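Engineer: Provided below for reference: sequence and predicted model.
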Amino acid sequence: MSALHADRRLSAWLLAPGFGWLLTFLVVPCLLVLVYSFVERGVYGGIDWIFTWENYQRAFDPLYLGILLKSAKIAGLATLFAVLIGYPAAYAIARAPRRRQAVFLFLVMLPFWSNYLIRTYAWIVLLNREGLINRMLQLFGYSGDPISLLYTESSVVLGLVYNYIPFVILAIFSSLSRINNELWDASKDLGASGWMTFRRIILPLSVPGVAAGAVFVFVLSIGNFITADLLGGKQVQMVGNLIYSQFLTARDWPFGAALSFFLIAIMLILLFIQALVARRAEGGRA
Amino acid sequence: MRKLKGLMCLGLSVSLALASQAASAKDMVISIWDGYMAPDALDKFKADSGVDVDKALHATNEEIMGKLMASGGEGYDVVFVSSPFAEVLHKQGLLADIDPVKVPNLKNLYPEANQLEYDPGNHFSVPYTWGTTGICYRSDKVSPAPTSWNELLNPSDALKGKVTMLATDRWMLGAAFLAKGWSVNDNDPSHIAAVRDQLIATKKRILAFDDTTFYSKLASGESLMAHAWDGWCNYGTQANAAIKFVVPKEGSDLWVDTMVVLKSSKHQEAAFKFVNFMLAKENHAWVAENILYKIPNQAAMAGLSADLLKQYPNLTIAPSELLKMQQLRDLGGTTQKAYTRAVTEIMAAQN
Amino acid sequence: MSQSRSVGGTVLSTHLGLVYAFLYVPILVLILLSFNKSGLPTAWGGVSLKWYVALAHNTAILSAALNTLIVALSATFIACVLGTFLALGIELRRKGSDKGQVVDTLLMAPMIIPDIVLAIALLSFFNLLKVGLGLHSIIISHAVFNIAFVCAVVRTRLKHFDYSILEASIDLGAGWFTTFRRVLLPAIFPGVLAGGLLSFTLSVDEFIIAFFNSGSGQASTTLPMQIYAMIRFGVTPEINALATLVMLVSITALLASQRLTKAPRTHE
């Protein structure tokens, strides 16, 4: 460890602005909502300042736990595919000449500066029964019924992978970008094969990026409701839809808050476990 | 590098300065769905009355309600919301009383439009559009024409996977309530449970729940029957003349979109002028002619062209017929929560 | 250049190409639809420029687009600065201790919290403090989750970072600021760039937090708010036209910047 690490004042100065911002604009507002979770819903939808545990008791319902599990499954699948597809892409960009990397990254993000809705509509055009993909299949001689590619869990997973894969690519790229060609060459010179170099050196070094990217996709997917609505035909209920319906449709802020914090707690625990596992995979190097 | 940083700092401060132009230079603010009023209406209003109106948009009733509840109505003067939500806002004491002296064009409304259950006499809201819900279908592919909600809820084998239903709670559950002869404002838990079970079964046989793109699915043939609002079905007819609308024999609901003035508004005079302007015959007629919705404005409806009425027959549904339908009301906390839970259970059910 | 390396290289390049194809196929559909005479995505009505013309006259959409740009750039700038410093501060404090997992997890909180909760929490907070709403409140709100993302991304870059080069720089007489600017920043720049891109992309498409925390009125309307409001009557292809133009402008800017920054060929 270097002397820099011992300089607590330096790190305190660095931490302060960011922490301050998060404290003021995240922690305090959320504490407000946390308070809501312990009071009753007003008759017409506002807040009645009467203390109650009822909201959390209601949150322990198998219906909501079931939805969390289903969402986690879909989000998990999306994460898996996003990482599998994104890793080699990020690796390819990291191996590209330094100057070109920014271009490659921009091109990865550019499609996502259009709007989420019209991108999803474009997918609907591709996937629906009269859509382009089915037409192409027919062009190539497929003569059965048009395949129903939409309004299934798979189409939701596809939509999620599509919209969040750039996040994975960026996160993995960030940790891979340290790895320079000299490292690769050195390993070769010492007799290791390409695969071995990858497995023993590159892969462990990229774990932080993979972990971060996986968390991004998982977390963003679980809270996503518009993809489930449009590509899932509202047949797939995700945690995002659930929370929205409590806050907006039922106008039940206390219950919505209780449900949210309950789910946040579960996710924090899962993420804590993930952080532990990631540490192990890194090889415990500081 | 120094120069770049300096430039960035300058740019940031300029944009922040621009950004904090929070106070609008305008005289009043309305919130409305996009495309729900004539694009030049606000310019005309300004020319007429000198009042500059700032237009904010909302996508759904639920979202604008959330914002109004969290901020107590701050910043808005007139808001367009559906009737059950106007009721809720009124119960929360957030609405100003509509002064008929200041809104003389109220006389343009049908007498029936002054007898609506959620606000008899239009004391805190002014109806802007109204209509009903029914089955929108491809008459060239579906024969004979559907007559019952059950044809939507339990599609025949020929129609399996080619039917869509509305996703918003009141209408989704409403169709099933009506099919069983119950009220669309039903609060009986056993009824709600029965309706939930029916819809879980329905979900297995339909293409999708769709609030926003169902008419294009009808036009393209991807679906053949859709649960639809009457005005929306007209968009389908516009795209494909074979698309027709029918109100099932079990009856339907009457929905009303209203204008409300917020009590917290600091520009109530201007707000009333605006509401009055929207009720003027030529301004209100734009809605029927362009959005293809029925409006409760007798004077305006009388001026519609015969061709328009022929092309879109559901525009001719008489107010007396509409009043026979079940009016959507606010359900109160307990029932609303029960409905939301039922919808959650339906959506979460395995297909 | 060994055999296996070029084979691996070809496989990688092909994969990257396929990924780009996957990313851009819907975009091509989207661009095509911007020329669709019929407004419906499911019916092709022939080629027409009418949506581009409509867009040019649609001051509401154009002003919303400008607002979105302001919000996204400002929030990204704040997030990059604060997030990078936060990442540095955290990494410098860690001495390989196990407490690191707790901090890691807590920093994920802004990303986990459902956006509707954050939206309502912030609106209630601003309301309590009687803070006026406007674009600035959206910027503040967006910066909250953006900071978390930038911090997470930059930290991946900082792990296994060789801090001794910083020490060396200071030992050689450079001050903190110079060391930061000349040694650290260039080294972690890919991470900051990645985090910034991510943050910008998140802001550009974020709807619910923006909606709840915007001032009322057009001056505070962002593009996602404008577009979602169109959902009731159908999102017209004007939005496709806008997206096509955005891409055109961005790609042109990208190519131009590549040309202008043609650095002398250094060993890479």
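Structural biologist: Yes, it's here.
Engineer: Run through the residues that contact C:Ala65.
Structural biologist: By Cβ atoms under 8 Å, 6 or more residues apart in numbering or on different chains, the residues touching C:Ala65 are C:223, C:242, C:246. Where C-beta positions appear, they are placed from N, C-alpha and C, glycine not excepted.
Engineer: And these, which of them are buried?
Structural biologist: Listed as buried from these are C:223, C:242, C:246; burial here means 16 or more other Cβ atoms under 10 Å in any protein chain shown.
Engineer: Report the contact partners of the second one.
Structural biologist: Just to be clear, that refers to C:Leu242. By Cβ under 8 Å, 6+ apart, C:Leu242 lies in contact with C:55, C:61, C:65, C:223.
Engineer: Adding pLDDT and secondary structure, write the residues you listed out as a markdown table.
Structural biologist: Converted to a markdown table, the contacts of C:Leu242 look like this (pLDDT from 0 to 100; DSSP: H, G, I helix; E, B strand; the rest coil):
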| residue | pLDDT | secondary structure |
| --- | --- | --- |
| C:Leu55 | 92 | helix |
| C:Ile61 | 92 | helix |
| C:Ala65 | 94 | helix |
| C:Leu223 | 94 | helix |
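Engineer: what comes up buried for stretch A:271-285?
Structural biologist: By 16+ other Cβ under 10 Å, the buried positions in stretch A:271-285 come out as A:271-272, A:274-275, A:278-279, A:282.
Engineer: Would you mind writing the CA trace of it as CSV?
Structural biologist: Extracted C-alpha coordinates of stretch A:271-285, given in CSV (Å, rounded to 0.1, in the frame of the first residue of the first chain):
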residue,chain,number,x,y,z
LEU,A,271,-25.7,-7.5,-4.0
PHE,A,272,-23.7,-7.9,-0.8
ILE,A,273,-23.3,-11.6,-1.5
GLN,A,274,-22.4,-10.7,-5.1
ALA,A,275,-19.7,-8.3,-3.9
LEU,A,276,-18.3,-11.1,-1.7
VAL,A,277,-18.2,-13.5,-4.5
ALA,A,278,-16.6,-11.0,-6.8
ARG,A,279,-13.9,-10.4,-4.3
ARG,A,280,-13.2,-14.1,-4.2
ALA,A,281,-13.1,-14.3,-7.9
GLU,A,282,-10.6,-11.5,-8.1
GLY,A,283,-8.3,-13.6,-6.1
GLY,A,284,-8.4,-11.4,-3.0
ARG,A,285,-5.8,-9.0,-4.4
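Engineer: Please state the offset of that stretch from the chain centre?
Structural biologist: Offset of stretch A:271-285 from its chain centre (Cα atoms, centre = their mean, to the nearest Å): 18 Å.
Engineer: before we move on, what about stretch B:287-300?
Structural biologist: With Cα atoms, centre = their mean, you get 14 Å for stretch B:287-300.
Engineer: In PDB, could you pull the C-alpha coordinates for that stretch?
Structural biologist: In PDB, the C-alpha atoms belonging to stretch B:287-300 read as follows (Å, rounded to 0.1, in the frame of the first residue of the first chain):
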ATOM      1  CA  VAL B 287     -61.900  18.000 -30.900                       C
ATOM      2  CA  ALA B 288     -64.700  16.000 -32.500                       C
ATOM      3  CA  GLU B 289     -63.400  16.800 -36.000                       C
ATOM      4  CA  ASN B 290     -59.800  15.900 -35.400                       C
ATOM      5  CA  ILE B 291     -59.600  13.600 -32.500                       C
ATOM      6  CA  LEU B 292     -62.800  11.800 -33.400                       C
ATOM      7  CA  TYR B 293     -64.100  11.800 -29.900                       C
ATOM      8  CA  LYS B 294     -67.600  12.800 -28.800                       C
ATOM      9  CA  ILE B 295     -67.900  16.100 -27.000                       C
ATOM     10  CA  PRO B 296     -70.600  17.100 -24.600                       C
ATOM     11  CA  ASN B 297     -71.100  20.400 -26.400                       C
ATOM     12  CA  GLN B 298     -74.500  20.500 -28.100                       C
ATOM     13  CA  ALA B 299     -73.700  23.600 -30.100                       C
ATOM     14  CA  ALA B 300     -70.500  22.200 -31.500                       C
END
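Engineer: Let me know whether it sits next to chain C.
Structural biologist: Yes - judged by Cβ under 8 Å from any Cβ of the partner chain, stretch B:287-300 comes into contact with chain C at B:Ile291.
Engineer: Tell me, how many residues neighbour C:Ser141?
Structural biologist: Counted with other Cβ atoms under 10 Å in any protein chain shown, residues neighbouring C:Ser141 total 30.
Engineer: can you tell me the helix or strand for it?
Structural biologist: Using DSSP states H and E, C:Ser141 sits within helix C:135-158.
Engineer: Mind exporting the C-alpha coordinates of that helix to PDB?
Structural biologist: The C-alpha coordinates for helix C:135-158 follow below in PDB (Å, rounded to 0.1, in the frame of the first residue of the first chain):
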ATOM      1  CA  LEU C 135     -34.800  22.200 -15.300                       C
ATOM      2  CA  HIS C 136     -32.400  22.600 -12.400                       C
ATOM      3  CA  SER C 137     -34.400  20.200 -10.200                       C
ATOM      4  CA  ILE C 138     -34.300  17.600 -12.900                       C
ATOM      5  CA  ILE C 139     -30.500  18.100 -13.200                       C
ATOM      6  CA  ILE C 140     -30.100  17.600  -9.500                       C
ATOM      7  CA  SER C 141     -32.200  14.500  -9.500                       C
ATOM      8  CA  HIS C 142     -30.500  12.900 -12.500                       C
ATOM      9  CA  ALA C 143     -27.100  13.600 -11.000                       C
ATOM     10  CA  VAL C 144     -28.000  11.400  -8.100                       C
ATOM     11  CA  PHE C 145     -28.100   8.100  -9.900                       C
ATOM     12  CA  ASN C 146     -25.500   9.300 -12.500                       C
ATOM     13  CA  ILE C 147     -23.000   9.700  -9.700                       C
ATOM     14  CA  ALA C 148     -23.500   6.100  -8.600                       C
ATOM     15  CA  PHE C 149     -23.000   4.800 -12.200                       C
ATOM     16  CA  VAL C 150     -19.900   6.900 -12.900                       C
ATOM     17  CA  CYS C 151     -18.400   6.000  -9.500                       C
ATOM     18  CA  ALA C 152     -19.000   2.300 -10.100                       C
ATOM     19  CA  VAL C 153     -17.500   2.400 -13.600                       C
ATOM     20  CA  VAL C 154     -14.400   4.400 -12.600                       C
ATOM     21  CA  ARG C 155     -13.800   2.100  -9.700                       C
ATOM     22  CA  THR C 156     -13.500  -0.800 -12.000                       C
ATOM     23  CA  ARG C 157     -10.700   1.200 -13.600                       C
ATOM     24  CA  LEU C 158      -9.100   1.900 -10.300                       C
END
